[in-house]
Every structure is written in structure tokens, then in C-alpha cells.
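Q: no sequence for this one, just the structure:
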């Protein structure tokens with residue numbers, strides 16, 4: 001009797017953890033995918049809405065930022081695209097170690113970043 005109770009408890013525990021045993025049946029799962037709207041561009045580094053995304057400077061003084069490099073190049077046709085770290089207000093040039101990799105950053109135009117008071121990295 002105790003063995004049966006232990007076996008049943010073990011099966012219930014395994015079923016609740018998502019484990020499959022030899023007697024389990026197949027089941028289907030559905031996945032919900034959320035697509036970002038055009039009104040809220042996503043940051044490439046964080047997957048969150050890009051701060052200052054758009055064509056106007058943001059309220060915190062950052063230049064307009066872009067979630068991807070292609071959008072920034074389209075906006076900065078005659079300027080160089082840089083990766084702007086939003087926390088430190090330092091931008092990184094293409095080909096440097098931190099270009100496109102910092103956690104809180106976005107692509108921006110170099111001239112607009114300079115005008116907003118951001119500075120180039122020393123490396």
C-alpha cells in the first residue's frame with residue numbers, strides 16, 4: 001500500500017514538473033509571439049524600446065537613437081554612425097570593442113551625439 005502511494009505521488013510530481021514517462025501521451029503547446037509596433041522601436045542590445053528612438057532629441061538630452069544600424073545609416077546619410085552608451089554618454093566608433101555591445105545603448109549620428117554633449121571613447 002505504501003509503495004503504491006509513493007508511486008502515485010512520484011507520478012504526480014513528475015507530471016507537474018513537465019517530465020514525461022513511458023505512459024504519457026503527446027500534447028501540443030502553443031507559442032505567442034509579440035511583434036514590436038512601429039511606434040516603439042526596440043533596442044538591439046536590450047530588446048527593450050530604444051530610448052530617444054525617432055527623429056527628435058529625447059527629453060533627457062540624448063540625440064535621436066535607433067534600434068539598428070541600418071536605420072541609423074538611413075538617417076545619418078552624410079554622417080558617421082556611432083554606438084552611444086546612454087548611461088555614460090560616451091559613444092564608440094565602428095570597429096572598436098564596445099561598438100554595438102553595451103547593455104544600455106543605441107545607434108546614433110556622430111554629429112548629433114557631439115551636439116548633445118556626448119563624447120568619444122578614449123579607446
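A: Structure's in. What do you need? This structure is a prediction, so every number in the text was calculated from the model and none was measured.
Q: Against residue 5, how distant is the residue lying closest to residue 120 once chain neighbours are set aside?
A: By the measure of CB to CB, 6 or more residues apart in numbering, the closest residue to residue 120 outside its immediate chain neighbours is residue 91, 6.1 Å from it. No exception for glycine: its C-beta is placed from N, CA and C like everyone else's. Taking CB to CB, to the nearest Å as the measure, residue 91 and residue 5 are separated by 65 Å.
Q: Please apply the same query to residue 89.
A: The spacing between residue 89 and residue 5, counted by CB to CB, is 64 Å.
Q: same deal with residue 110?
A: Using CB to CB, residue 110 is found at 71 Å from residue 5.
Q: who's more crowded, those two?
A: For residue 110 and residue 5, the more surrounded residue by other CB atoms under 10 Å is residue 110, and the numbers stand at 18 against 9.
Q: what residues are up against that one?
A: For residue 110, the contacting residues are 76, 79, 80, 81, 82, 91, 93, taking CB atoms under 8 Å, 6 or more residues apart in numbering as the criterion.
Q: Mind checking what helix or strand follows the longest helix along the chain in sequence?
A: Using DSSP state H, we find that the single longest helix of the chain is helix 2-17. Of the helices and strands lying after helix 2-17 in sequence (DSSP states H and E), the nearest is helix 69-75.
Q: Show me what counts as buried in that following helix.
A: 71, 72, 75 (16 or more other CB atoms under 10 Å).
Q: Out of the residues you listed, flag the one nearest to residue 104.
A: Each of the buried residues of helix 69-75 was scored against residue 104 by CB to CB, and residue 72 proved nearest at 16.5 Å.
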